[in-house]
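Novice: A structural model of the following input is requested.
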Amino acid sequence: MFGMGFMEIFLVLMVGIIALGPEKLPSAVVDIAKFFKKFKNSIDNAKSALDTELKISDMKQQANDFKASISDVTNTVRADLGSINSDRIMEDINMDNKPKEKIAIPQKKIKKRKKKKEKNITNTEEA
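Specialist: Presented below is the predicted three-dimensional model:
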């Protein structure tokens, strides 16, 4: 105990008997034992609180690292999507610049349309 041998403990007890007397010595030893027990419990509580705080700070650091890695991934994905979208836009622009093919309408349909127009014109003139 505290690096004390048997002789040192015996010497302390002898001084205690002389200073306190045989009546007060047992209660003083009990009070000292209670003090050391409370002191040890408070030290243990402080250690556990410190360990808890260190674990919380470690978890906060891990959370911040995880958050940073997620933001890096989202930035790269956004950049990739931006380049993909810009490629598609350029393709759409290039498609719009191409000459459009004319749709061939059969001659029979053209003749039918002309006849309908002529009938409508004559019907409106007669009315």
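Novice: and K37, what helix or strand is that in?
Specialist: Using DSSP states H and E, K37 sits within helix 6-97.
Novice: Just give me the neighbour total for E53.
Specialist: Here the number of neighbours of E53 (other C-beta atoms under 10 Å) works out to 10. The C-beta positions use only the backbone N, C-alpha and C, and glycine is treated the same way.
Novice: The one 3 residues further on too?
Specialist: For I56, the number of neighbouring residues by other C-beta under 10 Å comes to 10.
Novice: go on, the one 3 residues further on?
Specialist: Other residues near M59 number 10, with proximity taken as other C-beta under 10 Å.
Novice: Can you tell me which residue sits nearest the middle of this protein?
Specialist: K67 (4.3 Å; C-alpha atoms, centre = their mean).
Novice: Remind me what the following helix or strand past the helix holding K37 packs against, helices and strands.
Specialist: Sequence-wise, the next helix or strand downstream of helix 6-97 (DSSP H and E) is helix 107-126. Packing partners of helix 107-126 (3 or more C-beta pairs under 8 Å, 6 or more residues apart in numbering; DSSP states H and E): none among the helices and strands.
Novice: and helix 107-126, what's its mean pLDDT?
Specialist: Averaged over helix 107-126, pLDDT sits at 72.
Novice: export that helix as PDB, just CAs?
Specialist: Written as PDB, here are the backbone C-alpha positions of helix 107-126 (Å, rounded to 0.1, in the frame of the first residue of the first chain):
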ATOM      1  CA  GLN A 107     -49.700  13.300-105.000                       C
ATOM      2  CA  LYS A 108     -53.100  11.800-104.500                       C
ATOM      3  CA  LYS A 109     -53.500  13.500-101.100                       C
ATOM      4  CA  ILE A 110     -52.400  16.800-102.500                       C
ATOM      5  CA  LYS A 111     -55.000  16.600-105.300                       C
ATOM      6  CA  LYS A 112     -57.700  15.700-102.800                       C
ATOM      7  CA  ARG A 113     -56.800  18.700-100.600                       C
ATOM      8  CA  LYS A 114     -57.000  21.000-103.600                       C
ATOM      9  CA  LYS A 115     -60.400  19.600-104.600                       C
ATOM     10  CA  LYS A 116     -61.700  20.200-101.000                       C
ATOM     11  CA  LYS A 117     -60.400  23.800-101.000                       C
ATOM     12  CA  GLU A 118     -62.100  24.400-104.400                       C
ATOM     13  CA  LYS A 119     -65.400  23.000-103.200                       C
ATOM     14  CA  ASN A 120     -65.200  25.100-100.000                       C
ATOM     15  CA  ILE A 121     -64.600  28.200-102.100                       C
ATOM     16  CA  THR A 122     -67.400  27.500-104.500                       C
ATOM     17  CA  ASN A 123     -69.800  26.700-101.600                       C
ATOM     18  CA  THR A 124     -69.000  30.000 -99.900                       C
ATOM     19  CA  GLU A 125     -69.500  32.000-103.100                       C
ATOM     20  CA  GLU A 126     -72.900  30.400-103.800                       C
END
